[in-house]
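[1] Let me see the structure of the following:
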Amino acid sequence: MAGQNPRNFEDFLPLMAQKLGGDGLIGELCNGFELLMDSDTGVITFDGLKKNSALMGLQDFSDDDLMNMLREGDIDGDGALNQMEFCVLMFRLSPRLMAESELLLESILQHEFDNYY
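    Residues are numbered from 1 along each chain as shown. Here you go, the predicted model:
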């Protein structure tokens, strides 16, 4: 996203995960989703994201930045973010959390492999 430092997300989510634990982090992400979602449709649209962007510290994002964020997270291609897509996007914007998840998965797979053979 042009002109933005992705570390804003990268540093914030791992701290939340450490302080709140997994369930607490998911709960906070759900709260964030509810702040941004359109209450009529139950999803985050471009208009809703633009209108409520300051609530999430995104007030300096350009329209292109917000649209790119929506596109990046829009897994089903409907032009909006549902709750699952929003949570996945927040994790994807946090490379540190993704790396920690990959290490955990590798460790589990290695353990399963070692026990299988």
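[2] Next one: the residue most central in space within the chain from A17, what distance?
    The structure's the chain has its C-alpha centroid closest to M90; by CA atoms, centre = their mean the separation is 1.0 Å. Separation of M90 from A17 (CB to CB, to the nearest Å): 11 Å. Using the backbone N, CA and C atoms, a C-beta is placed for each residue, glycine as well.
[3] Also H111?
    Distance from H111 to A17, by CB to CB: 22 Å.
[4] more neighbours, these two?
    Using other CB atoms under 10 Å, the more surrounded residue of H111 and A17 is A17, with 19 against 10.
[5] mind checking the backbone torsions on the closest residue in space to that one that isn't next to it in sequence?
    Leaving aside its sequence neighbours, A17 sits nearest to L25 (CB to CB, 6 or more residues apart in numbering; 4.7 Å). Main-chain dihedrals, L25, degrees, to the nearest 10: phi -60, psi -50.
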